[in-house]
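Enquirer: please find the sequence and the predicted model below.
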Amino acid sequence: MLKHYPWQDEQWQRFMKTQQQDRMPHAILLCGPDGIGLKHFAQTAIMQLLCLSRDNKIHGACGKCQSCRLYAAGNHPDLYVVEPEEGSKQIKIHQIRELLNYVALKSFSGDLKIAIIEPADAMNHAAANTLLKTLEEPPAQSMLFLLSHRSSKLPITVRSRCQRIDFKPAYDSSAKAWLHSELDEKNQLSKDALLRISGGGPLKALQLAAGERLACRSALVGDLKLMCKENCDPIPIAERWKALGVENMLGWLMKMIVDLIRLKLLREKTELINLDLKKDLQEIESSLDLLALVRNYDIVMLKYQQVTGPMNYNPLSLIEEIVLHWRNPK
């Protein structure tokens, strides 16, 4: 049986209270940083909503009824998931139309039909407008869960018609205790460091600790040091950065530039994201002026928005532009 994560207690209590008071909205928008567990929270809530037990509003999903068994098997007929199709970054209008046809049908259990849209900010303009009509006049038995790590990209007309549940970055003791229980004792970085560099997303912190993405930071720092030298050739650096994965690399680079700006402004008093790389960052910071750092951040942010947006760009060209701008930030 599903259970929400410990750092989600406040949001779960709010959800439970709303359900117990029979004030469930037709649409809930879950917002929070990457790795905070939005989908898991939605799945836990949906299992409880679909549970046929009379006590589900008090004790949660029973895990034994026909609905719970179907849900656990992953084939509940009253749950529909909308996400970008393979090879696409967008949720398109035909997908939302199929969703609307689904919620218009009679419920299997006779009470509720639920859909998850993830990530909701991937809906293109036409898809969002089509969904808006349903948000304004929802079928009586329908309920939508919209999930987004970048809710500001959703049209205000969509956001305003959903009951919003926000999840803040999790740096508290519950997140640290959970991460400690999941991690191998041999992990080199502390729980605090992992949560800090993951932006307060415990699931992302766990993923970082288990994979090779942390090695990207060391490679980036080494190349940033090289670019401080006058005889540096930027083209091989761009090729190495492309091999790291453009979205992954840009995400780390933005965090490092933020740290460099903090060091430039506050010196020893600042709290860094990449605290374990402080000495390396101080060496890089001393060779750049503040205006150059700000300009570099602006262009990296722009390229990150392009890479994560609906259009397809040549990753090597984007990276070469960043590297050349770093060498001559005017």
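Expert: Arrived safely. Numbers count the residues shown, from 1 in each chain.

Enquirer: domain assignment for the chain?
Expert: Split into domains by automatic domain parsing, the chain comes to 7-166, 169-211, 212-327.

Enquirer: reformat the ones you listed as CSV; add mean neighbour count and mean pLDDT.
Expert: Yep, even glycine has a C-beta here, placed from its N, CA and C like the rest. What follows is the domains of the chain, written out as CSV (neighbours: other Cβ atoms under 10 Å; pLDDT from 0 to 100):
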stretch, mean neighbour count, mean pLDDT
domain 7-166, 17, 92
domain 169-211, 17, 87
domain 212-327, 16, 89
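
Enquirer: ok, the residue nearest the centre of the chain - contacts?
Expert: The geometric centre of the chain, computed from its C-alpha atoms, lies nearest to Asp34 (Cα atoms, centre = their mean), at 2.5 Å. The neighbours of Asp34, taking Cβ atoms under 8 Å, 6 or more residues apart in numbering as the test, are His149, Ser198, Gly199, Gly201, Lys204.

Enquirer: ok, the first one touching Leu29?
Expert: It refers to His149. No - under the criterion of Cβ atoms under 8 Å, His149 is not in contact with Leu29, lying 11.8 Å apart.

Enquirer: could you look up the SS state of Lys64?
Expert: With DSSP: H, G, I helix; E, B strand; the rest coil as the basis, the three-state label of Lys64 is coil.

Enquirer: how much space between it and Trp12?
Expert: Between Lys64 and Trp12 the distance, using Cβ to Cβ, to the nearest Å, works out to 21 Å.

Enquirer: Leu154 too?
Expert: 23 Å.

Enquirer: so the residue nearest to the centre of the chain sits in a helix?
Expert: No - secondary structure assignment (three-state DSSP) places Asp34 in coil, not in a helix.

Enquirer: so which residues of the stretch 51-200 of the chain form helices?
Expert: 56-59, 66-73, 93-103, 125-136, 156-159, 173-182, 191-197 (DSSP state H, counting those that start in this stretch).

Enquirer: can you put the ones you listed in CSV and add distance to Leu272?
Expert: CSV is the format used below for the helices of the stretch 51-200 of the chain (distance: least, Cβ to Cβ, whole Å):
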stretch, distance to Leu272
helix 56-59, 44
helix 66-73, 43
helix 93-103, 42
helix 125-136, 38
helix 156-159, 33
helix 173-182, 18
helix 191-197, 8
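
Enquirer: closest to Leu302 out of those?
Expert: helix 125-136 (20.9 Å; Cβ to Cβ).

Enquirer: what does that closest one rub up against?
Expert: Where contact means Cβ under 8 Å, 6+ apart, the residues beyond helix 125-136 that reach it are 26-27, 90-93, 95-97, 99-100, 103, 117, 123, 142, 144, 154-155, 157-158, 161-162.

Enquirer: what angle do that helix and helix 93-103 make?
Expert: For helix 125-136 and helix 93-103, the angle between their directions (axes from the mean of the first three to the mean of the last three Cα atoms, to 10 degrees) works out to 20 degrees.

Enquirer: could you dump helix 125-136 to PDB, C-alpha only?
Expert: Taking Å, rounded to 0.1, in the frame of the first residue of the first chain, the C-alpha atoms of helix 125-136 are listed here in PDB:
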ATOM      1  CA  HIS A 125      -0.900  26.300 -26.100                       C
ATOM      2  CA  ALA A 126      -3.700  24.400 -27.900                       C
ATOM      3  CA  ALA A 127      -3.700  21.600 -25.400                       C
ATOM      4  CA  ALA A 128      -3.900  24.000 -22.400                       C
ATOM      5  CA  ASN A 129      -6.800  25.900 -24.000                       C
ATOM      6  CA  THR A 130      -8.700  22.600 -24.600                       C
ATOM      7  CA  LEU A 131      -8.200  21.500 -21.000                       C
ATOM      8  CA  LEU A 132      -9.400  24.900 -19.800                       C
ATOM      9  CA  LYS A 133     -12.900  24.300 -21.100                       C
ATOM     10  CA  THR A 134     -13.100  21.200 -18.900                       C
ATOM     11  CA  LEU A 135     -11.600  23.000 -15.900                       C
ATOM     12  CA  GLU A 136     -14.400  25.600 -16.300                       C
END
